[in-house]
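Engineer: Everything below, folded, please.
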Amino acid sequence: MKNYSYIDLFCGAGGLTVGFGNKGFHLDLANDISRPALDTLKHNLKHTHPKTDKSKVVLGDIIELYEFLGLEKVKKEVVGHAVVKTNREEELKRKTDSLKENIDVQNILHNIKSTDVLVGGPPCQGFSMIGRSKKMTAEERAKGFIDDPRNQLFKYYLKFAEKLNPKIVLIENVKGLVSASGYRDLIEIALKNTGEFGYDVSSEVLNAKDFGLAQHRERIFFIGIRKDLAENNSIKAVDVFKAILDQKTSNLSVNDVIGDLPKISANPKPNNYKEESEVSYSNSKCFGKNISEIRYNKLLSNSNKKYLKLINNYKGKKIKTPFLFNHKSRYHNKRDLFIYKNLVPGKYLNDPVNKKALSKVTYGVHINEKGEKQVKGFGDKYFKLNPNSVSKTIIAHLETDGNSYVHPGENPRSITPREAARIQSFPDWYFFTGSTRNQFKQIGNAVPPALASIIAEQFIYTLNKMTQ
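Structural biologist: Numbering: from 1, shown residues only. This is a model prediction of the structure:
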């Protein structure tokens, strides 16, 4: 079988990287501006891409990175006299060294003349050009969308596609794009007109729970097949999606995927995350450890063997992990522990069955016309996962608190990074670096690796058709 190559931009901790590596893709380049996420990806590269040098995992600004592809200077779009950037983008850039004088990175980029597949989840923020004039054609509106200064990062993702002309392009983003003033159409049109050949494009909202996972997670995916290859080989992007959708299967439950992990308590002290503060798993007061001192095989019991095989097998072989990683609980105050204990799994706070838990909630509450205490919004400020159903979407907000992701077991606490990773389908051998908070952020931002593997498998089938 031919080894196909890919580039992963906005790669984060490596959800897509794990999936595409699992199906034998060779990694030409991975890039992100978050140092902790890239540290995680590089740490696990020995398993996911053992033949890939860590220097090809590049920390830095994609706009600077693009210049090295063809020695082009990038003209940054401006409003007035200032480039528009988000606060998050500015904060990350302050923590990241400039690539402008990095000769090693320049050499890596200069040596990349093409790639088979480009994948990533570029942020899209700008709405200002959408529908500005009824006289504008769809293409003109799409160009305005791309040139919107708030969409700089999306623009340069497309510039990589334009420069390298990959055979297939994959874009992943939040489901909200579907209902956001024609956003979906604008992205499709932009990709259709990208590069020398353009792309045959289709998009679908995929839900992780439809592909054997224990998580309700809807994300929109765009697939572009280079038009010359699509036409010459009678391939359509919509047919690739049909093949992916054919892989749907029944979902698992929360208990199926995290029920075998060691039972631990909440961390008893705030800011108690140093290794020397940890307690042995053999102690009933254990609140977990970042790296267990007891061997992995001795800690786990009654595991769902089918699920462990799905997540831990890689390229057809089982990867054994010596220890359990990242299974460490947070500190919770007495009020939160009371609420956690009295929550009914799968029920929102405003449900009458959660009256006792609601009695201790002190923020975001009001008294309704019946004189009853209620929370505003969706009532999931506190939420206990239903062990017999799928989890709600694992999101990056978990880095802030775990109140909406309470473990359904007998010990009141929020889920650990390892439990979040299990729900996301990350392998148990995949070690997340950085603080506990940042581990949650990395996990929540990722594409579920098991879903990425399904997409990668269909890409291989499509690429094989192109080279017959």
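Engineer: Strands of the protein, residue ranges please.
Structural biologist: 5-9, 26-32, 57-59, 117-120, 168-174, 199-207, 218-226, 288-295, 313-314, 317-318, 323-328, 365-367, 373-375 (DSSP state E).
Engineer: Check the offset of the first one from the chain's centre.
Structural biologist: Taking CA atoms, centre = their mean, to the nearest Å, one finds strand 5-9 lying 15 Å from the centre of the chain it belongs to.
Engineer: Give me the contact list for it.
Structural biologist: Strand 5-9 is contacted by residues 14, 16-17, 20, 25-32, 62, 112, 115-120, 122, 157, 160, 164, 166 when judged by CB atoms under 8 Å, 6 or more residues apart in numbering. To be clear about C-beta, it is placed using only N, CA and C from the backbone, and glycine gets the same treatment.
Engineer: Got a PyMOL select line for the buried ones in these?
Structural biologist: To isolate the buried subset of the contacts of strand 5-9 in PyMOL, counting by 16 or more other CB atoms under 10 Å, use the following:
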select buried, resi 14+16+17+20+25+27+28+29+30+31+32+62+112+115+116+117+118+119+120+122+157+160+164+166
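Engineer: Quickly compare the strands of the chain and say which is most buried.
Structural biologist: Compared across those, strand 117-120 shows the largest average neighbour count, a mean of 26 (mean count of other CB atoms under 10 Å).
Engineer: Pairing partners for that strand, with directions?
Structural biologist: Taking DSSP bridges as the criterion, strand 117-120 pairs within the sheet with strand 5-9 (parallel), strand 168-174 (parallel).
Engineer: follow-up on the earlier one: dump the strands of the chain into JSON lines; add mean pLDDT as well.
Structural biologist: JSON lines is the format used below for those (pLDDT from 0 to 100):
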{"stretch": "strand 5-9", "mean pLDDT": "97"}
{"stretch": "strand 26-32", "mean pLDDT": "96"}
{"stretch": "strand 57-59", "mean pLDDT": "95"}
{"stretch": "strand 117-120", "mean pLDDT": "98"}
{"stretch": "strand 168-174", "mean pLDDT": "94"}
{"stretch": "strand 199-207", "mean pLDDT": "97"}
{"stretch": "strand 218-226", "mean pLDDT": "96"}
{"stretch": "strand 288-295", "mean pLDDT": "97"}
{"stretch": "strand 313-314", "mean pLDDT": "96"}
{"stretch": "strand 317-318", "mean pLDDT": "94"}
{"stretch": "strand 323-328", "mean pLDDT": "98"}
{"stretch": "strand 365-367", "mean pLDDT": "86"}
{"stretch": "strand 373-375", "mean pLDDT": "87"}
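Engineer: So which of these is nearest Ser404?
Structural biologist: Ranking those by proximity to Ser404 (CB to CB) places strand 373-375 first, at 11.8 Å.
Engineer: Which other helices and strands does the closest one contact?
Structural biologist: Under the contact criterion of 3 or more CB pairs under 8 Å, 6 or more residues apart in numbering; DSSP states H and E, strand 373-375 touches helix 355-358, strand 365-367.
Engineer: Now do the last one: distance to the chain's middle.
Structural biologist: Averaging C-alpha coordinates over strand 365-367 and over its chain gives two centres that are 35 Å apart (CA atoms, centre = their mean).
Engineer: what pairs with that strand, and is each one parallel or antiparallel?
Structural biologist: Its sheet considered, strand 365-367 pairs with strand 373-375 (antiparallel) by DSSP bridges.
Engineer: circling back to that earlier point, can you tell me which of the strands paired with strand 117-120 is nearest to Trp429?
Structural biologist: Of the strands paired with strand 117-120, nearest to Trp429 by CB to CB is strand 5-9, at 19.6 Å.
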